[in-house]
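Novice: With the input below, show me the fold.
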Amino acid sequence: MFRRAFWFTTGAAAGVWATTKVQRKLRSLAPDALAVRAADKAVDTGHRLKDFALDVRAGMAQRESELNDALGLDAPPPGHAGAPGLPAQARRPQLGPAHHRLGPDRPNDRNEDH
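Specialist: Take a look at the predicted model:
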């Protein structure tokens, strides 16, 4: 009698355990759960890519600094008292008067007086 009760209880426990495992697996394979898992992985991948890009940018800046030091490009040119920059930037023409610029109050219509 105790032997039958033992095996009945063991079988019932195994059935409950198996049913619970199957239900969990079915819930994890539901479309909503799969979408949430995919979104989480996508966000994680985005963070990893951002970290990678920041590391690459930092490495590029460090290497550029090393190359500038090795080539002597950090020092301003002799006789240059202005702010450092490219000579073309100093010669860049400024924008004309405000009435020549297009903007929200001036449409892109060149024939406005015709």
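Novice: Lowest-scoring secondary structure element of this protein by mean pLDDT?
Specialist: helix 87-90 (a mean of 53; mean pLDDT, DSSP states H and E).
Novice: Please report the number of neighbouring residues for Asp51.
Specialist: 10 (other Cβ atoms under 10 Å). No exception for glycine: its C-beta is placed from N, CA and C like everyone else's.
Novice: In three-state terms, how would it be classified?
Specialist: Asp51 falls in the helix class when you classify it by DSSP: H, G, I helix; E, B strand; the rest coil.
Novice: neighbours of Ala13, just the number please.
Specialist: 10.
Novice: what do you get for the one 3 residues further on?
Specialist: A count of nearby residues for Val16, using other Cβ under 10 Å, gives 10.
Novice: cool, and Gly11?
Specialist: 10.
Novice: show me the contacts for Asp74.
Specialist: Asn68 (Cβ atoms under 8 Å, 6 or more residues apart in numbering).
Novice: start at 697 instead
Specialist: Will do, 697 is the new start, and the previous item becomes Asp770.
Novice: A helix includes it, no?
Specialist: No: with three-state DSSP as the criterion, Asp770 is assigned coil and is not in a helix.
Novice: For Arg733, see how far away Glu727 is.
Specialist: Rather than Glu, residue 727 is Pro. Pro727 is 11 Å from Arg733, where distance means Cβ to Cβ, to the nearest Å.
Novice: Looking at the two, which is more packed in?
Specialist: Using other Cβ under 10 Å as the criterion, Pro727 and Arg733 rank with Arg733 on top: 11 against 7.
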